[in-house]
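> I would like to see how this sequence folds:
(chains A, B and C)
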Amino acid sequence: MNQTLLDIKELSTRFHTPEGVVRAVDRVTFNIKKGSCLGIVGESGCGKSVTALSIMQLIPSPPGKISNGSIMFENRDLLGLSPNEVRGIRGKEISMIFQEPMTSLNPVYTVGNQIGETYQIHQGLSSKEAREKSIEMLSLVGIPSPQKRVDEYPHQLSGGMRQRVMIAIAMACQPKLLIADEPTTALDVTIQAQILDLMAGLQEKMDMSIMMITHDLGVIAEISDQVVVMYAGQVVEQSSVDELFEYPFHPYTQGLLGSMPKLGDKFLRGKHPLQEISGQVPDLINLPVGCLFASRCPRVEKQCREALPGLTEVSSEHDVRCWLV
Amino acid sequence: MISNTNNDTLLQVKNLKMHFPIKKGLLQRQVGSVFAVDGVDFQISKGETLGLVGESGCGKTTVGRCIIGLYKATAGSMVFQNKEVNNQSRNQMVELRRNMQMIFQDPYSSLNPRMRVRDMIGEVLTVHGLVKPKHRAQRISELLDQVGLKPEFAARYPHEFSGGQRQRIGIARALAMGPKMLVADEPVSALDVSVQAQVINLLDRLKQKFNLSMLIISHDLGVVEHVSDRIAVMYLGKIVETASDKNLYNKPHHPYTLALLEAIPQPRSGGRIRRKTRSILGGDVPSPINPPQGCHFHPRCPRVEDQCRRERPPMVEVSQGHMVSCFFPGEKS
Amino acid sequence: MTESEFIQNLHTTAPTWSGIRFLKRMWQFRMGVIGGLFLLSLIIIAVFTAWLAPHNPYTQDVTQSLAPPVWIEGGSSDHLLGTDHLGRDILSRIMYGSRISLVIGFSAVTLQLILGVALGMLAGYYQGWVDSLISFLVDAMLSFPYILLAISLVAVLGASFQNIIIALAISGWTKYARISRIETIKLKEQEFILATHSLAYSSWRIIINHILPNILPTLVVISTVGVARAIISESLLSFLGLGIQPPTPSWGVMLAEGRDFMFMQWWLAAFPGMAIFLAALSINFLGDTLRDLTDPYLRKN
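Below is the predicted model:
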């Protein structure tokens, strides 16, 4: 259980644009244990999706480039592999699902074709065997009457059903790691609950690890074991999930929690304005000196503007990037 | 059903229906209808905020657009300031729009990309003759100030702003008319969490300052609960439950409301245990082209009985101001 | 903006115009630059022909007739591109001809745009029967080849300078009507147009102040190619004797007159033909480049 599946060290990804170098991911370090779920949370532009794309080596290049670091997956450094070796791992050992179930499926192929394709590519099955497997996968992801659904086209399915199909495709080769980039953001809450339950169920059944990327701390609370909070391309806090919600340390994490309206809070503690995080995310091309959150931080001090704090351990497995720990 | 009309009522909506025809073929014959809104009643008092919550396709956006007059309702009555919204002359409509303004969802598409902020807001002031030309610039600065933007932003184009700032510009433009009521359709759902808080707080402040009434339409019960005094829950074209914010949270009676409250993931510790113990709603929302017979919710309802499949449940008042459309209302499933 | 969008935008971000990067961009869009420069020189020639042309384009001099271009034996530096059967200077006639080509090209396309955009926006904005009527008209006209329509119109109206412009305008507006109709329908769904309704603006204000500025840039870019088409059409009409009438120097007229001397005195037809070809080509280069430049920007908005 406590074996490390994916170990990322000092990963940096940059984009070389006409305006300058965008430091989208900056020396990110974290690991995912076998059979556990890691949540990465942050707002748009924080680098959470670029981190995922870097692991999959799907960064468009140019302009993107992984400039530093290592991504150890079962003791192999993914960054040292040839493009062919990477393709062998992608989809087979590491799969990814995306936010938009509407556009992630090809509208001109049936659901069965799209799931079956994975089997034909990675396991060399015949089209008939692939179809059988597809039906099996559809029932695994909880799609009713899979024999019928396997021949339907994406537009015949609801958003929730499409996301289930996406999960079926991703799960087809029983990957060891599933990267989910905002998989429920486009869905309604009742459907979101279904999908989260499905993912958690599959994770247990198949003993796989999940990397869940989301902006929603609520989703993180429900599915993750570990949490990484990202801000402006950097990890600012990481800990176990319950510890993060009980003892959020970084002012940014605290701000995020305070800015979300929580059900029933109004009646428990009386109505009060939501906590705001003033200002804006710094420009990733011209990053300020010092702590990247300093310009928006309510507890900013002199040293915050002078030097970038490192990740400091505040308790076991709880690291914070802040001078005030 | 809702009869307690009093002097404080600003907007009274009765049996509102909006059916969009589906046309096909060369002759554009009508082959069916989308029953987007199928009989909705509610009212909003002066200075009150009503939250309208529901999932996609439930018709909440259509309700907002009917009220603001962007769609012509198929049936029903909407009385605003004692005047019927339907069947108004153009002049009366202009008058109505001055008093009721809308805030849109997408801050990226709700502002004309080719207009400067000052022209956008200035146009409203000029078209409706709201200020003398010499006070125009001053009024624009004042409006920007009210939504927390610097006056020098007036010379900029929309693409120079962040999503939150654009939403503020949209609010400033709505305020330019001096409305009594704001209809906000998913005002924060396109924004980042930390920016959401800024806009929600801004709406709350403006409501206090100008004694505005508001209709907040959103899929996010957390947001709706935070800003609203009363909440109406919609499902497939109908309101299934209306209650004060407190009653809806503490004593939800409709099984759908209950499911909605349980399904929202909470940013608190113990989430994994909560997820495993809650009951979740199966299935999908049916299509509004072919809504189910009887109660629209019955195919997904854990309390379903034969009666639900045959008849539509009426709205009943379970306590003062708490209405539920269910044959078997109750706090527990 | 999600990060994946952000990454996509990196590919499509508008260029920054400075120093070396400017030159790089120029090189990247060299075809457009060449086209633009050629068109610009054509316009300069057209405007200043009276001063630039070495000869009067109407002056006949039978003693000099059918003189070859300067680099062929028997040619003289007095007539750089030679003379025609009536001894008129070909270079001067081509230079005067550019006036006719450009005026007809640009004014026909301007009229096409006005007509097309007005009808297209009306159809898209009001929809219903207005749309059915205009769309029917567009479809009906598109079932005729453009040039055939222009020929029949000139035949009916009579061949004159104005009538050519009118005929080309009437035959060519449908493309712009189609595009502006579709763009208007798309824009109508945008929230900023919904917002103008909720601000109780009049329909005219919405159409003119809010929809038009958002569709015009695309159309103007597309219409550059239309200018080339109109220039070719004018030449064709004149060639067929339905356009500009001799002795007025139009490229089409010159081509028609040179046809009889095609094999022995090829320069009579070849130079006006080349003028038509180069003018159309340079405008097409420019139009394509403009489209490439503006497309990602428009998509982004």
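
> alpha carbons only for contacts and neighbour counts from here, please
Fine.

> surely C:Gly287 and C:Val221 touch.
Yes. Counting by CA atoms under 8 Å, C:Gly287 touches C:Val221, with 6.2 Å between them.

> more neighbours, these two?
Taking other CA atoms under 10 Å in any protein chain shown, C:Gly287 and C:Val221 do not tie; C:Gly287 has more neighbours (24 against 20).

> which helix or strand contains the more buried one?
Counting by DSSP states H and E, the element that carries C:Gly287 is helix C:267-300.

> can you list the buried residues in that helix?
Of all the residues in helix C:267-300, those buried under the rule 16 or more other CA atoms under 10 Å in any protein chain shown are C:267-273, C:275-276, C:278-291, C:293.

> and stretch A:15-31, by the same measure?
For stretch A:15-31, by 16+ other CA under 10 Å, it's A:15-17, A:22-31.

> coming back round to it: close to chain B, is the helix holding C:Gly287?
No. Helix C:267-300 is not in contact with chain B by CA under 8 Å from any CA of the partner chain; minimum separation 10.3 Å.

> next one: that helix to chain centre, how far?
Per CA atoms, centre = their mean, to the nearest Å, the displacement of helix C:267-300 from the mean C-alpha position of its chain is 9 Å.

> what ranges do the helices span in the chain?
In the absence of a named chain, chain A is used. A:48-56, A:83-89, A:111-122, A:127-140, A:146-149, A:159-171, A:189-206, A:217-223, A:241-246, A:251-259, A:265-269, A:302-306 (DSSP state H).

> hmm, no, I was thinking of chain B.
B:60-68, B:90-99, B:117-127, B:136-146, B:163-176, B:193-210, B:221-227, B:245-250, B:255-263, B:271-277, B:306-310.

> now chain C
C:3-12, C:19-28, C:30-47, C:49-52, C:90-126, C:128-142, C:146-157, C:161-172, C:174-189, C:191-198, C:203-205, C:212-239, C:251-258, C:267-300.

> okay, residue 59: pLDDT?
No chain in the question, so chain A it is. The score at A:Ile59 is 86. That number is its pLDDT.

> that's the wrong chain, I wanted chain C
Reading off the model, C:Thr59 has pLDDT 84.

> hang on, the earlier thing: which one of the helices of chain B lies closest to chain A?
With CA to the nearest CA as the measure, helix B:271-277 is the member of the helices of chain B nearest chain A (4.2 Å).

> tell me what that closest one is packed against?
helix A:217-223 (3 or more CA pairs under 8 Å, 6 or more residues apart in numbering or on different chains; DSSP states H and E).

> quick one: buried residues of the helix it packs on?
A:217-223.

> in chain C, which residue sits nearest chain B?
Counting by CA to the nearest CA, chain C gets nearest chain B through C:Phe192, at 3.8 Å.

> so where is chain B shaky, pLDDT-wise?
Chain B contains residues with pLDDT under 70 at B:1-7, B:25-27, B:332-333.

> near chain A, which residues of it are found?
So far as CA under 8 Å from any CA goes, chain B lies against chain A at B:55-56, B:192-198, B:200-201, B:219, B:221-223, B:225-226, B:246, B:249, B:259-260, B:263-275, B:280-282, B:284.

> which of those residues are buried, as a ChimeraX select command?
Remark: buried members of the residues of chain B next to chain A, expressed as a ChimeraX selection using 16+ other CA under 10 Å:
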select /B:55,56,192,193,194,195,196,197,198,200,201,219,221,222,223,225,226,246,249,259,260,263,264,265,266,267,268,269,270,271,272,274,275,280,281
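
> tell me, how many residues neighbour the nearest residue to B:Asp185 once chain neighbours are set aside?
Take B:Asp185 and drop its neighbours on the chain: the residue closest to it by CA to CA, 6 or more residues apart in numbering or on different chains is B:Ile217, 4.8 Å away. Neighbourhood size, B:Ile217 [other CA under 10 Å]: 26.

> check A:Gln123 too.
Other residues close to A:Gln123 by other CA under 10 Å number 12.

> over to C:Ser132?
C:Ser132: 12 surrounding residues under other CA under 10 Å.

> poorly predicted segments of the chain, please.
Reading this off chain A. For chain A, the ranges with pLDDT under 70 are A:1-2, A:101.

> if you could check chain C rather than the one you did, that'd help
Using pLDDT under 70, chain C drops low at C:1-19, C:294-301.

> got the contact list for the spatially closest residue to A:Ala130 that is not a sequence neighbour?
Residue nearest to A:Ala130 in three dimensions, not counting chain neighbours: A:Gly116, with 4.7 Å by CA to CA, 6+ apart. Listed by CA atoms under 8 Å, 6 or more residues apart in numbering or on different chains, the contact partners of A:Gly116 are A:127, A:130-131, A:133-134.
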